[in-house]
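1. Sequence first, then the predicted structure, then my questions.
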Amino acid sequence: MSDKRIAASLANPGRRDNAADRLSDAIERTRAQSGSAHAWVALGEAFIAAGQTHSAPRCFARATALEPNAAVHWARLGRVLYSLREFQAAQDALRRATGLEPRSAQWQLLLGSISTEQNDIDGAFTAYARARESEPENLQCAIASALSIPLVYRDSAEIERWRSRYEAGLSFLHAELPKHPSWPAQALGVEWQNFSLAHQGCNDRIMQQSYADFVATLLAKVVPELQTIPARRSAVDRRICVGFLSSELRTCTIGDYFSSWILGLPRDRFDIRCYFTGYLPDALTAKLAAASDHFETIVGTADFVTRRVRSDRPDVLIFPDIGMSPQSYLLANLRLAPVQCAAWGHPVTTGSRYVDHFLSCAEMEPRDAGSHYRENLILLPGLGVRYTRPSPPTPITRARLGLPKDAHLYVLPNRIHKLLPDRDHVLLDIVSRDPRAVLVFFDAVAPGQRHAFVDRLQRGMQARGFEPRHQIKFLPLLPHAVFRSALSVADVMLDSPNFSGGSSALDALASGLPIVAQEGRFMRGRQSAAMLRMIGVPELVAEGDGQYVELALRVAGDGAYRAGLVERIATGLPRLFDRRDPIDALAEALKVMAAMP
C-alpha cells in the first residue's frame with residue numbers, strides 16, 4: 001500500500017466499517033504474540049484502517065526489530081512514515097528496504113519520491129534507475145526519470161539547466177511512447193504531478209501542454225469513451241448543475257478560498273454537487289456537504305471517478321486545484337462534463353485541451369495573461385472569491401516563539417521552495433544594511449530542503465563577508481491560529497515576485513502586518529501586490545529590487561511610518577474581504593458557459 005493508498009483507506013467509510021473491532025482484535029493478538037513480527041504488522045495495518053495512522057509506525061518498527069533482514073517490514077515502515085510526512089525517517093527506512101531487496105521497483109520508486117522531497121535529486125535518480133533496471137516497461141519509472149527536478153536550487157543557472165532537462169524529458173516521453181505498447185495500460189495508475197515546475201518562475205504553458213498531451217494520448221488508448229463530451233441535460237425549466245471536484249474540500253488554503261463558491265452560488269439558479277477525492281474530512285467538509293445538493297466522497301481510479309461524475313451529468317465541472325494531486329492531472333485529460341473549468345488553487349495553466357476555461361482574478365493577472373493559458377481565461381473581480389475576514393489573532397510574545405525582542409523581524413511565510421536564488425541578493429542587502437535584521441522563515445517539512453536553502457544563504461553571506469549573528473531564524477510549522485499570531489509580532493512581511501503569498505498574505509494583512517511586494521511576471525507572483533492596491537496602500541508595491549529594499553528597511557525600522565500603514569491597512573480591509581461581487585460574477589460566467597452549444 002503506497003502512501004496515497006493509505007490516504008485512500010482513511011477516506012473510504014466502507015473500509016472503516018468495524019475497524020474499531022478489528023483494531024481491538026489485533027491488539028489482543030499482539031499482546032498474546034508480542035514476539036511475532038506478523039502480529040505487529042497486522043496491528044499496524046489495523047491502526048491505519050481505524051484512522052489512527054500515527055500509531056502505525058511504532059508497530060512496523062517493532063516488526064523490523066524482530067526481523068531486521070525482512071525488507072518488507074522496512075518498506076511498510078517507510079511508506080507509512082512518508083504518508084505522515086516524516087521524510088528523513090521514511091528515507092532511512094526505504095534505504096534499508098532497497099538495500100535488502102534492491103530489485104523491487106515499487107520500493108525504489110517510493111525511495112525516489114522521498115529523496116526528491118529531501119532535495120536529494122541524485123539519490124532520486126539512482127533509485128529510479130534501479131527501478132527501471134528491474135522493470136524496464138514501468139511507465140511511472142519512465143516519467144519520474146524524465147521529469148524529476150529539485151525543489152531548492154543552488155543558483156539561478158541551475159534552474160536553467162533543469163528546465164532544459166525537463167524539456168528534453170518531455171520530448172523523450174513523446175518519442176518513446178510508440179515503442180512501449182504496455183504504457184497505456186498503466187496510465188490510470190500513474191501518480192505524477194508537475195507541481196514544482198511552477199516554482200521556477202517561468203512561462204510553463206508549452207511544457208504543461210506537452211505533458212497534458214502525453215497523458216491524453218495514453219488515456220485515449222485505454223478509455224477513449226471518457227474523452228468524448230457527455231450528453232447535456234435538458235435545458236427546460238431547471239437549475240444549472242455545477243460540480244466541484246477536489247481532494248482539498250477541507251480546511252486548507254483551497255478550502256478557505258473556494259468554499260465560498262460552493263456556499264455562495266444561489267440555490268434557486270444552481271444545483272451544486274461536490275465530489276471529494278481526498279481524505280481526512282473535517283468540519284469544513286461537513287459544512288460543504290450540508291450546503292450542497294449532493295456531496296460524495298469518491299475514492300478510486302480516474303476512470304471510476306470520471307464515470308461516477310458523468311452519471312450525474314453536470315452542466316459545468318469546476319476543478320479548483322488541478323496540480324495539487326497526481327490524480328487531478330489524469331482527470332483534467334478526461335471529459336467529466338460538457339464544460340470544464342480550472343481555478344487558481346494551483347495558479348498555472350493545466351495545459352489540457354479538455355479544460356475549457358481558467359477562472360482567475362482580474363486584479364492579479366498581467367495584461368498579456370491570455371497567452372499564459374491554454375484555456376480560455378475568465379477574470380473575476382476582487383480576490384475572485386468571497387473570503388471571510390479572519391478574526392484578530394490571539395496575542396503572543398516574541399519570547400514565546402523564541403524570537404529576539406529587540407530585532408527587526410522580516411518574515412517570509414512562503415514555503416522555501418518558492419524562494420528562488422535570484423532573490424537572495426535582496427535579502428542579503430536588507431541584512432547588510434540593517435544590523436538588527438532577522439529573517440524569519442517557516443520550516444520546510446523535509447529537512448533536506450531546509451539544509452539546501454540555508455546552505456545557499458550562508459554561502460551568499462560568506463561571499464559578502466558577513467559575520468554570523470543569527471540573522472536567520474526558522475519557526476516550526478505552526479497551527480493556523482498560532483501562525484497568524486506569529487505574523488502579528490513581526491515588523492514586515494517580505495513577499496516574493498516569483499510566487500507570492502495568497503492565504504499567508506491575507507493572514508498578514510488581517511493581522512495588521514504590512515507587506516512589501518513586487519509584481520512578478522505571472523499571476524502567481526502578483527497576488528500580494530494586487531491585495532495591497534485593493535486596500536489602498538499601493539506604495540508598498542516596489543518598482544524594482546532597490547526600491548523593494550528601501551521600503552522593507554523603512555517599514556521595519558520606522559515605527560511611526562509602520563503604525564500609519566497599519567491604520568490604513570485596517571481601514572482598507574473591507575475592500576478585500578467578504579465581497580459578494582466575485583460570486584455574482586462567477587454565477588454570470590457559469591450561466592454563459594452552460595448556454596454554450
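-> Looks like it arrived, so ask away.
2. and the helix or strand harbouring Phe172, average pLDDT?
-> Phe172 is located in helix 156-176, with elements delineated by DSSP states H and E. On average, the pLDDT along helix 156-176 is 97.
3. residues in contact with it?
-> By Cβ atoms under 8 Å, 6 or more residues apart in numbering, the list of residues contacting helix 156-176 from outside reads 142-143, 145-147, 149-150, 153, 197, 200-202, 207, 210-211, 213-214, 420-422. Every residue, glycine included, has its C-beta placed from N, CA and C.
4. Any of these buried? List them.
-> 142-143, 145-147, 149-150, 153, 197, 200-202, 207, 210-211, 213-214, 420-421 (16 or more other Cβ atoms under 10 Å).
5. CA atoms of the next helix or strand after the helix holding Phe172 as CSV?
-> Tracing the chain C-terminally past helix 156-176 and defining elements by DSSP H and E, one meets helix 183-186 next. The C-alpha atoms that make up helix 183-186 are tabulated as CSV, following Å, rounded to 0.1, in the frame of the first residue of the first chain:
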residue,chain,number,x,y,z
TRP,A,183,2.5,2.0,-21.2
PRO,A,184,-1.2,2.9,-21.9
ALA,A,185,-2.4,0.1,-19.8
GLN,A,186,-0.6,1.6,-16.8
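6. Give the buried residues for helix 183-186.
-> The neighbour-count criterion (16+ other Cβ under 10 Å) identifies Trp183, Pro184, Gln186 as the buried residues of helix 183-186.
7. Ok, stretch 383-393 next?
-> Within stretch 383-393, judged by 16+ other Cβ under 10 Å, the buried ones are Leu383, Gly384, Val385, Arg386, Tyr387, Pro390, Pro393.
8. Check stretch 298-313 too.
-> By neighbour count with 16+ other Cβ under 10 Å, stretch 298-313 contains the buried residues Ile298, Val299, Ala302, Asp303, Val305, Thr306, Arg307, Val309, Arg310, Asp312, Arg313.
9. same deal with stretch 121-134?
-> In stretch 121-134, residues buried by neighbour count (16+ other Cβ under 10 Å) are Ile121, Gly123, Ala124, Phe125, Thr126, Ala127, Tyr128, Arg130, Ala131, Arg132, Ser134.
10. ok, and what's touching it?
-> In contact with stretch 121-134 (Cβ under 8 Å, 6+ apart) are residues 98, 102-105, 108-109, 111-113, 115-116, 138, 141-142, 144-145, 148-150.
11. same thing but 6 Å
-> Stretch 121-134 is touched from outside by 103, 105, 108-109, 111-112, 115-116, 141, 144-145, 148, 150, with contacts defined as Cβ atoms under 6 Å, 6 or more residues apart in numbering.
12. Skipping its backbone neighbours, what lies nearest Thr297 in space?
-> Leaving out its chain neighbours, the residue that sits closest to Thr297 by Cβ to Cβ, 6 or more residues apart in numbering is Phe276, at 4.7 Å.
13. Asp406 versus Pro538, what's the distance?
-> With the distance defined as Cβ to Cβ, to the nearest Å, Pro538 ends up 31 Å from Asp406.
14. Out of the two, name the residue with the larger neighbour count.
-> Between Pro538 and Asp406, counted using other Cβ atoms under 10 Å, the more crowded position is Pro538 (11 against 6).
15. Chain neighbours aside, what residue packs nearest to the more buried one?
-> What sits nearest to Pro538 in space, not counting adjacent residues and going by Cβ to Cβ, 6+ apart, is Leu532, at 6.2 Å.
16. Next, count neighbours for the one you found.
-> Around Leu532 sit 24 other residues, with neighbours defined as other Cβ under 10 Å.
17. Identify the residues contacting it.
-> Counted by Cβ under 6 Å, 6+ apart, Leu532 has contacts Ala517, Leu540, Val541.
18. can you tell me the helix or strand for it?
-> Following DSSP H and E, one finds Leu532 within helix 527-535.
19. If you average the pLDDT over the helix or strand just after that helix, what comes out?
-> On the C-terminal side of helix 527-535, the nearest following helix or strand under DSSP H and E is strand 541-542. Computed over strand 541-542, the mean pLDDT rounds to 98.
20. Now do the buried residues in the following helix or strand past strand 541-542.
-> Helices and strands here follow DSSP H and E; after strand 541-542, the next one along the chain is helix 545-557. Along helix 545-557, these residues count as buried under the neighbour rule (16+ other Cβ under 10 Å): Tyr548, Val549, Glu550, Leu551, Ala552, Leu553, Val555, Ala556, Gly557.
21. ok, now stretch 167-185?
-> Within stretch 167-185, the residues that count as buried by 16+ other Cβ under 10 Å are Gly169, Leu170, Leu173, Leu177, Trp183, Pro184.
22. Report the buried members of the contacts of Leu532.
-> Ala517, Leu540, Val541.
23. Export those to JSON lines and append columns for distance to Gln340.
-> As requested, the buried ones among the contacts of Leu532 are arranged in JSON lines below (distance: Cβ to Cβ, whole Å):
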{"residue": "Ala517", "distance to Gln340": "32"}
{"residue": "Leu540", "distance to Gln340": "37"}
{"residue": "Val541", "distance to Gln340": "34"}
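24. Can you classify the closest residue to Arg579 other than its chain neighbours by secondary structure?
-> Beyond its immediate neighbours in the sequence, the residue positioned closest to Arg579 (Cβ to Cβ, 6+ apart) is Gly382, lying 4.7 Å away. Per DSSP: H, G, I helix; E, B strand; the rest coil, the local secondary structure of Gly382 is coil.
25. Over to Tyr410?
-> Three-state assignment for Tyr410 (three-state DSSP): strand.
26. so what's it bridging to?
-> When bridges are assigned using DSSP bridges, the partners listed for Tyr410 are Leu439, Val492.
27. so what's it up against?
-> Listed by Cβ under 6 Å, 6+ apart, the contact set of Tyr410 reads Leu439, Val492, Leu494.
28. and Asp17, what pLDDT?
-> pLDDT, the model's per-residue confidence, is 51 for Asp17.
29. can you check Arg415 too?
-> According to the prediction, Arg415 has pLDDT 89.
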